[in-house]
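Trainee: got a predicted structure plus its sequence, pasted below:
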There are 4 protein chains.
Amino acid sequence: MAKGLTRADVLKKAEELKNWGKWGPDDQLGVLNYITPADIANAAKLVKKGKVFRLGLELDEKGPQRGLFGGRWNPMHQMLATGTDAVQGIQEPLVGMRYADDAINLPTQAATQWDALAHVFLGDQMWNGYSATLVDTRGAHKNGIEKFADKMVGRGVLLDVAKHRGVKRLPDGSAITSAELDAVARAEGVEVRRGDFVIFNTGQMADCLDRGDWGGYAGGDAPGLAFETVDWIHKKQIAGICSDTWGIEVRPNETTDGTNQPWHWVTIPAIGIVHGEIWYLCELVADCAADGVYEFFLCAPPLVISRGTGSPINPQAIK
Amino acid sequence: MAKGLTRADVLKKAEELKNWGKWGPDDQLGVLNYITPADIANAAKLVKKGKVFRLGLELDEKGPQRGLFGGRWNPMHQMLATGTDAVQGIQEPLVGMRYADDAINLPTQAATQWDALAHVFLGDQMWNGYSATLVDTRGAHKNGIEKFADKMVGRGVLLDVAKHRGVKRLPDGSAITSAELDAVARAEGVEVRRGDFVIFNTGQMADCLDRGDWGGYAGGDAPGLAFETVDWIHKKQIAGICSDTWGIEVRPNETTDGTNQPWHWVTIPAIGIVHGEIWYLCELVADCAADGVYEFFLCAPPLVISRGTGSPINPQAIK
Amino acid sequence: MAKGLTRADVLKKAEELKNWGKWGPDDQLGVLNYITPADIANAAKLVKKGKVFRLGLELDEKGPQRGLFGGRWNPMHQMLATGTDAVQGIQEPLVGMRYADDAINLPTQAATQWDALAHVFLGDQMWNGYSATLVDTRGAHKNGIEKFADKMVGRGVLLDVAKHRGVKRLPDGSAITSAELDAVARAEGVEVRRGDFVIFNTGQMADCLDRGDWGGYAGGDAPGLAFETVDWIHKKQIAGICSDTWGIEVRPNETTDGTNQPWHWVTIPAIGIVHGEIWYLCELVADCAADGVYEFFLCAPPLVISRGTGSPINPQAIK
Amino acid sequence: MAKGLTRADVLKKAEELKNWGKWGPDDQLGVLNYITPADIANAAKLVKKGKVFRLGLELDEKGPQRGLFGGRWNPMHQMLATGTDAVQGIQEPLVGMRYADDAINLPTQAATQWDALAHVFLGDQMWNGYSATLVDTRGAHKNGIEKFADKMVGRGVLLDVAKHRGVKRLPDGSAITSAELDAVARAEGVEVRRGDFVIFNTGQMADCLDRGDWGGYAGGDAPGLAFETVDWIHKKQIAGICSDTWGIEVRPNETTDGTNQPWHWVTIPAIGIVHGEIWYLCELVADCAADGVYEFFLCAPPLVISRGTGSPINPQAIK
């Protein structure tokens, strides 16, 4: 299939894979429901070396944002008090100590991030059938990111597609199919299980960082999942899908009628699975290649942003 | 000692407990160096029930900030795209999908947070002897929070002082001594070890949340550690010290000459230990009281804010 | 009439005074159309002493905002470069000079401000019948403040109601009627003409500044115009209505059914007149009392905020 | 002159033209002191047609900023309430009315702006000898923009250099000399007087707007004043100098040793004159060419930003 998708095809697939009501009419967790306490306890057993990998990209003005989607900006860092002030002796008379302080202003999807289930709509509705109008200028009154405050913990699996293909990075526009995901897992000797956080590596971010140029990383062409992987995701019953790209799915999209990010129309609002995007995988990729172990404990807590539609994060993969 | 401290006493104690140079002249991690890979692997073994506790306070306009320290504000949540827009059909022609998007603007110390080692100065210097002037309006060029990107993982220990005293919350101005910390640990049957993240509960936040009124929580009077606990912290070689209060140490401070937050002068810049402040402990406290287990796996990653002097966080305690 | 108004009364009055279509179906200026070039040239003749009065309140953290209306905040001033940095010699190597720089973040209605015609809706519509849905998260696609970029210039008239009543400030809840406006003008020997910017003084702001306490200034009880003044405004064909209060109209409102700011429902969307709120009148009031001249040249340009629903301003009254 | 300037030359010229102390040791107005009430009254007489020109560039994401000087950004416009929310009926139950609201976040020098006298330093000092360290993270405790709250009113003179040269725009790197300024004024039949606000047009902004591409407008090469014009400015005793460019002076600068913006080192801190930069002159230029009148009433009030180092503005030229 792939190329040639229309809006109608996308809506039909969304209808087919819809998990609405599966965990009751009040559910706001979606497929995170698949994770059991036993899964978490078992995942912790994957911690053997005591080695921690940060999967969060640095938050600063050098980030990938270029003003898309109504003006997403790179993180702005604001100093409220500095050491240069301190050494002038002007702080002690005011506050009795010498200190630095700062603030940060960023779109929740500026860099490494989780979506909330309120992030993408299907028609006039969002996950579990809630009305899209429940997301207004005061935020997401349903399906907000705060619902995930203690839910982003479990087993992580890395599928290194770039390594499997023997390339540094997949080319833009290259689609990864379900069959390829299975082949990568087989080659790595790792099994994808219910409740897993599946992270796949395309090498795109590492390449941008190496070149010192984001190019069209944010919203331009990119390697990524084929549309048909929605079936794989649905069937595997995984709990999260993450990658080193801006939007997980392949770009240009496989649609021919201007329907943007078709895979998103199915994953978030219909299946109820959220994306971990713009993940920094460099060190984790190297370590997995070195020790051949592609599973680990993943702890990726969102900030508890009330009514947020996403959150900046710094996920930790621990082996 | 306690009451009656002067600036000179504080500086003398800082000099006495200074760890500068202990991990080389280039170190920017401080006592986080105490944590070994084996410590992390052992800490993961504390995950038995597979139960996760979020220790991050909700980030919204109802937070405790009241404009102190040059104007710290409560988190500001800005919607960039809404469902109310989406249902008007105005998004699809523009971006080919229906979605919500948002941004957040907050001081790094607005709510639950880690300090960086750049946060407090001792005279004209900061941790490990770096000049305070290395923290300017472009941020902390040394000792920034990004250095901790993969370091805030290990064994957590809860010392529930409120429970030990048999009160809902400690009164403002009540100092917790080293002896009391030891007594609480003994009563709980838990040992404080090198490299631990020690979290103590005063009940102050829970009380504020119950009353629906923060009162003087941010910068007013509070229960907290006595100044003399700097010796305990130094000797125990713990890796982090955290609580449910705004500033860990007792307020009014034990100084008599206007020296503000004297304990901070010693901990961050001299010992090289950072604080986890404004931690939300409610559910963790209840669970520890119920099962009698006061140790757990702690994963509290900061956002990777380049040159930041702190970070908002949502620590995860996992049992 | 006054007390006892209902939503139905308000809607009826709005219908009665509606100026929609008066200046064509594409108009986005409302009653500013009343001002002619001759009016502006004549107004300039009022400049005799060469004395300028700033009518903008200082923009800083001491402003009146208290989080109303979804969280309006006081202006936040952010330094991007400081003299304390400069003297450390760290700027010259980077940018070849020594300088200070800053930024400001504020609600358009944080302090002294103009509304845009997009600010208040009547049912599902705004001024001149445009759909309210033309104001989305990307801003006001019709009736935005940028339409006024060169329109806020003309004859200003001060009606000092406080002086006329012989009080320092009008009490909260005190309604100013059309008859009283006429009486003040008569006593001052000034005529209110078509195309004028009418500014009335209640003394509320001066009193708050004197006391150093805003109290309920922002959204609490206040002196202000009676609902029936909408007829006076409509008949007089003035071009703007301004005061030293937060919301021009009397509070508590004269409605009995929870309809908030009923006068606003008629003025902005129906008559097409915008408000100048939170104006700082202290020095102007004193000067007019001293020289007995209550008319002047008014130049109150909004910032040219694309698609803005208002703008912070610093109006200049020139005599 | 011109090419080949060194830092030493610049400092020597600054020393030569220093006005420090001229208006007393406490002065924070600089050459604005030249403007008398009579000047303002006379300037008002220039209003004859009653025609108003806005000189403020639109504030939005399409502005010229490209992250220079520690990250200046284009204005960010944030909606706090929308009409799309309003029509869902969710506002009335909350606040009793239907409305839109918004906020703006911008560097004070993002677009059309005034500098404050605190904006540029000379060594460790600023205007009138105040220490540069008086500008810290809490703002400019001396020489802040709020001092100009009622001072930016007077006679404006347009020197249309592009028209005089017979070109649409001056090329980048083209220096305008004192002699040329005099020649332009002569050709226009306008006299530059003490206390004037002199505005010169290079055509650069109009050209960028026409092309729809700012290119290197912000901080790249540009036409502008030659360094030697500091003598002309000093001798003419004008009150302000403004243009349609980013930084008034010619770029590349005439210095050969990396000294950036040498003209700024002399004008702001030594002479005490501030700049009006990024002024939008398109309609004013056309009108002056049409009626041959190059003088007008200028009213360009800054926002009253406490301790600001500049302000966004929308100056009004009135003829």
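Mentor: Sure, I can see it. The model shown is predicted, which means the values in this text are computed figures rather than measured ones. Numbering: from 1, shown residues only, chains lettered A, B, ... in the order given.
Trainee: gap between the residue of chain A most remote from its centre and residue B:68?
Mentor: Distance to the chain centre peaks in chain A at residue A:93, reaching 46.1 Å (criterion: CA atoms, centre = their mean). When distance is defined by CB to CB, to the nearest Å, residue A:93 is 16 Å away from residue B:68. Bear in mind the C-beta positions are built from the backbone N, C-alpha and C, glycine included.
Trainee: residue A:153 pairs with what?
Mentor: Taking DSSP bridges as the rule, residue A:153 bridges to residue A:299.
Trainee: which residue ranges of the stretch 1-150 of chain A form helices?
Mentor: Using DSSP state H, counting those that start in this stretch, the helices of the stretch 1-150 of chain A run over A:7-17, A:37-44, A:68-71, A:83-86, A:92-95.
Trainee: nope, the stretch 151-300 of chain A is what I meant
Mentor: Assigned by DSSP H, counting those that start in this stretch, the stretch 151-300 of chain A shows helices spanning A:161-165, A:178-188, A:204-211, A:229-236, A:262-266, A:282-291.
Trainee: of these, flag the one that's most buried.
Mentor: helix A:262-266 (a mean of 26; mean count of other CB atoms under 10 Å in any protein chain shown).
Trainee: for it, name the packing helices and strands.
Mentor: Applying 3 or more CB pairs under 8 Å, 6 or more residues apart in numbering or on different chains; DSSP states H and E, we find helix A:262-266 packed against helix A:7-17, helix A:229-236.
Trainee: please save the CA atoms from the longest one in CSV.
Mentor: It refers to helix A:7-17. C-alpha atoms of helix A:7-17 as CSV (Å, rounded to 0.1, in the frame of the first residue of the first chain):
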residue,chain,number,x,y,z
ARG,A,7,-8.1,11.2,4.0
ALA,A,8,-10.8,8.6,3.7
ASP,A,9,-8.3,5.8,4.0
VAL,A,10,-6.9,7.3,7.1
LEU,A,11,-10.3,7.8,8.7
LYS,A,12,-11.2,4.2,7.9
LYS,A,13,-8.1,2.8,9.5
ALA,A,14,-8.7,5.0,12.5
GLU,A,15,-12.2,3.6,12.8
GLU,A,16,-10.9,0.1,12.5
LEU,A,17,-8.2,0.4,15.2
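Trainee: go ahead and name everything in contact with that helix.
Mentor: Residues from elsewhere that reach helix A:7-17 (CB atoms under 8 Å, 6 or more residues apart in numbering or on different chains): A:122-123, A:227, A:230-231, A:234, A:255, A:257, A:259, A:262, A:265-266, A:269-271.
Trainee: the closest residue to chain D within the stretch 151-300 of chain A: neighbour count?
Mentor: Closest contact between the stretch 151-300 of chain A and chain D, by CB to the nearest CB, is at residue A:214 (13.5 Å). Applying other CB atoms under 10 Å in any protein chain shown, we find 18 residues neighbouring residue A:214.
Trainee: next one: the one 5 residues further on
Mentor: With neighbours defined by other CB under 10 Å, the count for residue A:219 comes to 19.
Trainee: rewinding a little: want to throw the helices of the stretch 1-150 of chain A into CSV with mean pLDDT?
Mentor: Listed next are those as CSV, based on pLDDT from 0 to 100:
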stretch, mean pLDDT
helix A:7-17, 97
helix A:37-44, 98
helix A:68-71, 74
helix A:83-86, 97
helix A:92-95, 92
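Trainee: nearest to residue D:115, out of those helices?
Mentor: Closest to residue D:115 of the helices of the stretch 1-150 of chain A is helix A:83-86 (CB to CB; 21.6 Å).
Trainee: that closest one packs against which elements?
Mentor: Using 3+ CB pairs under 8 Å, 6+ apart as the contact definition, the elements that helix A:83-86 packs against are strand B:135-136, helix C:83-86.
Trainee: is the first one anywhere near chain C?
Mentor: Yes - where contact is defined by CB under 8 Å from any CB of the partner chain, part of strand B:135-136 touches chain C, namely residue B:136.
Trainee: ok, the closest residue to residue A:187 other than its chain neighbours - contacts?
Mentor: Among residues not flanking residue A:187 along the chain, residue A:164 sits closest, at 5.7 Å (CB to CB, 6 or more residues apart in numbering or on different chains). In this structure, residue A:164 makes contact with A:180, A:183-184, A:187-188, judged by CB under 8 Å, 6+ apart.
Trainee: I'd like to know how far residue A:164 sits from residue A:203.
Mentor: Separation of residue A:164 from residue A:203 (CB to CB): 11 Å.
Trainee: could you list the domains of chain A?
Mentor: As assigned by automatic domain parsing, chain A contains the domains A:7-64+A:108-318, A:73-106.
Trainee: residue D:301: which of those is closest?
Mentor: Among these, domain A:73-106 comes nearest to residue D:301, with 26.6 Å by CB to CB.
Trainee: doesn't residue A:117 make contact with residue A:310?
Mentor: No - if you go by CB atoms under 8 Å, residue A:310 and residue A:117 don't touch, sitting 10.2 Å apart.
Trainee: can you count the residues close to residue A:218?
Mentor: 22.
Trainee: which residue sits closest to it, ignoring its sequence neighbours?
Mentor: Nearest residue to residue A:218 in three dimensions, chain neighbours excluded: residue A:64, at 4.5 Å (CB to CB, 6+ apart).
Trainee: ok, the one you found to residue D:115 distance?
Mentor: Distance from residue A:64 to residue D:115, counting by CB to CB: 33 Å.
Trainee: now residue A:151
Mentor: In this structure, residue A:151 and residue D:115 are 51 Å apart, going by CB to CB.
Trainee: neighbour count: those two, which is higher?
Mentor: Neighbour tally, residue A:151 and residue D:115, criterion other CB under 10 Å: the higher count belongs to residue D:115, 29 against 21.
Trainee: is that one in a bridge, and if so with what?
Mentor: Counting by DSSP bridges, residue D:115 is bridged to residue D:310.
Trainee: who's in contact with it?
Mentor: Taking CB under 8 Å, 6+ apart, we find residue D:115 in contact with D:109, D:268, D:274-275, D:277, D:309-310.
Trainee: if we go to 10 Å?
Mentor: With contact taken as CB atoms under 10 Å, 6 or more residues apart in numbering or on different chains, residue D:115 is in contact with C:99-101, D:108-109, D:145, D:148, D:240, D:248, D:264, D:267-268, D:273-277, D:302, D:308-311.
Trainee: just the buried ones out of these, please.
Mentor: Neighbour-count burial (16 or more other CB atoms under 10 Å in any protein chain shown) applied to those gives C:99-101, D:108-109, D:145, D:148, D:240, D:248, D:264, D:267-268, D:273-277, D:302, D:308-311.
Trainee: so which of these are in strands?
Mentor: C:101, D:240, D:274-277, D:310-311 (DSSP state E).
Trainee: which of those lies closest to chain A?
Mentor: Distance to chain A, by CB to the nearest CB, is smallest for residue C:101 among those, at 12.0 Å.
Trainee: roughly how far does that closest one sit from chain B?
Mentor: Distance of residue C:101 to chain B, computed by CB to the nearest CB, to the nearest Å: 8 Å.
Trainee: beta-bridge partners for that residue, please?
Mentor: Beta-bridge pairing of residue C:101 under DSSP bridges involves residue C:81.
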